[in-house]
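*Asks:* can you look at this prediction? I've put the sequence above it.
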Amino acid sequence: MDANWDDLRVFLALAREGTHSTAARALGVSHPTVARRIQALEKQIGARLFERLADRFVPTAAGEELLADTEAMERAALSIHRRSAGLSDTVRGVVRMSAGEVMASWIARHLPELRSKLREIEFEVISSHTLANLSRREADLLIREQVPGLAGIVTRRLGRLAYAVYVARGHALRQANPAALVDQCWIGFDDDHAYMPGQHWLQERLGRRPDIRVNNWLILQEAVRSGAGVALLPCCLGDGDPAVRRVGPVSDVHADQWLLVHRDLRALPRVRAVMDALVELFQRERGILEGRVRSGAR
């Protein structure tokens, strides 16, 4: 058999997605193209690769065997793609960084400095709560609060993000003691984002869900700015905002920030240069990130 890799990619997509339409969307092709490619592959192999159930296609025994080999081919192709990127010895090109909205906005604030040091590099900064796939090069670098247990990923601790209670500048609240805080209107995250830093801390102290719930730190910050209520914010976000003020000391909530890179890309000059610049930036701004130094209003 001399199967076409394009046909095998379609086979792999259908095995993963389960239907012609979802496989077509994943590949960016039409529904008939998926059906035609699968038929051609089955004819070439001389075996039926899928059983059609009521709501999806599932691989036959022959399909399962082919699936294992095709996945191995895909891993090899992705590895070649990553390693080929490392053959360049120039500090230029695109570096894609993915982070949550707080770190993405904080990095954006420092892009003039990063660009002045790395003029030949094009930066792509992506704000996302989901974990970009480094193996598929959906991003070159990730900044995350947890380290996923993924093979081939190299991690480095960048620093620690501290959190404190904030209110709008004209808010009447002056004390941060539990009695003063519990009766306030609190702004926090919705149930789908209850994993965000500080949400368990908040639930323990309030004994209830936040009165206003959002799914994004920047929306939460804007709600505090408007005077809608009280919230726990990262100090690097709240201290630099002239429309809000910190109430009380830094809380015992914190979140370590980790830099993640695929081991095949860490020696790529442009990726290495950005990694070094980020490490230097986090070290220099450590006091602000940890809430010990108040950043100037921006």
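*Replies:* Cool, the structure landed.
*Asks:* contacting residues around Val102?
*Replies:* Leu161, Trp217, Leu218, Pro234, Cys236, Leu237 (C-beta atoms under 8 Å, 6 or more residues apart in numbering). Where you see a C-beta, it was placed from the backbone N, CA and C, and this is true even at glycine.
*Asks:* next structured bit after the helix or strand where Ala223 lies?
*Replies:* Per DSSP states H and E: Ala223 is located in helix 217-225. Where DSSP H and E defines the elements, the next helix or strand beyond helix 217-225 is strand 231-234.
*Asks:* count the neighbours of Ile153 for me.
*Replies:* For Ile153, the neighbour count with other C-beta atoms under 10 Å is 17.
*Asks:* list the contacts for it?
*Replies:* Neighbouring residues of Ile153 by C-beta under 8 Å, 6+ apart: Leu134, Val147, Leu260, Val261, His262, Arg263.
*Asks:* beta partners of it?
*Replies:* Counting by DSSP bridges, Ile153 forms beta bridges with His262.
*Asks:* likewise the one 4 residues further on?
*Replies:* Per DSSP bridges, residues listed as beta-bridge partners of Arg157: Trp258.
*Asks:* thought it was touching Trp258?
*Replies:* Yes. The criterion here is C-beta atoms under 8 Å, and Arg157 meets it with Trp258 at 5.8 Å.
*Asks:* and the two? Which one has more around it.
*Replies:* Trp258 (18 against 12).
*Asks:* per-residue pLDDT, that one?
*Replies:* On pLDDT, Trp258 comes in at 96.
*Asks:* do I have it right that it meets Val154?
*Replies:* No. When contacts are counted by C-beta under 8 Å, Trp258 is not listed as touching Val154 (10.5 Å).
*Asks:* list the contacts of the spatially closest residue to Arg272 that is not a sequence neighbour.
*Replies:* In this structure, Arg272 finds its nearest non-sequential neighbour in Arg266, 6.7 Å apart by C-beta to C-beta, 6 or more residues apart in numbering. Counting by C-beta under 8 Å, 6+ apart, Arg266 makes contact with Val154, Arg272, Met275.
*Asks:* what strand or helix carries the last one?
*Replies:* The one in question is Met275. Per DSSP H and E, Met275 falls inside helix 269-284.
*Asks:* residues in contact with that helix?
*Replies:* Residues contacting helix 269-284 (C-beta under 8 Å, 6+ apart): 88-95, 97, 107, 110, 113-114, 117-118, 120-121, 123, 140-141, 143, 156, 158-159, 257, 259, 261, 265-266, 289.
*Asks:* any idea what Ala162 is bridged to?
*Replies:* Where Ala162 sits in a bridge, its partners, by DSSP bridges, are His254.
*Asks:* please begin residue numbering at 10 from this point
*Replies:* All right, first residue 10 from here; so that's Ala171.
*Asks:* OK, contacts around it?
*Replies:* Pro243, Cys244, Val259, Ser260, Val262, His263, Leu298, Glu299, Gly300, Arg301.
*Asks:* now, of those, which are buried?
*Replies:* Burial by neighbour count, judged by 16 or more other C-beta atoms under 10 Å, picks out Pro243, Cys244, Ser260, Val262, His263, Leu298, Glu299, Gly300 from those.
*Asks:* farthest pair in those?
*Replies:* Ser260 and Leu298 (14.4 Å; C-beta to C-beta).
*Asks:* quick one: the strands in this structure?
*Replies:* For the chain, the strands defined by DSSP state E occupy 59-61, 66-68, 102-108, 130-136, 150-153, 162-177, 196-198, 221-223, 240-243, 253-256, 263-271.
*Asks:* what is the mean pLDDT for the first one?
*Replies:* When you say that, I think you mean strand 59-61. Strand 59-61 comes out at a mean pLDDT of 92.
*Asks:* in it, which residues are buried?
*Replies:* Buried-residue list, strand 59-61, by 16+ other C-beta under 10 Å: Phe59.
*Asks:* look up how far Leu229 lies from Ala181.
*Replies:* Taking C-beta to C-beta, to the nearest Å as the measure, Ala181 and Leu229 are separated by 20 Å.
*Asks:* low-confidence regions, the stretch 160-307 of the chain specifically.
*Replies:* By pLDDT under 70, the weakly predicted segments of the stretch 160-307 of the chain are 304-307.
*Asks:* now with 90, please.
*Replies:* Applying pLDDT under 90 to the stretch 160-307 of the chain flags residues 160-162, 179, 181-192, 214-216, 257-260, 271-277, 302-307.
*Asks:* one step back: just the buried residues of the contacts of helix 278-293.
*Replies:* Buried subset of those (neighbour count, 16+ other C-beta under 10 Å): 100, 104, 106, 116, 123, 127, 130, 149-150, 152, 167-168, 266, 268, 270, 274-275, 298.
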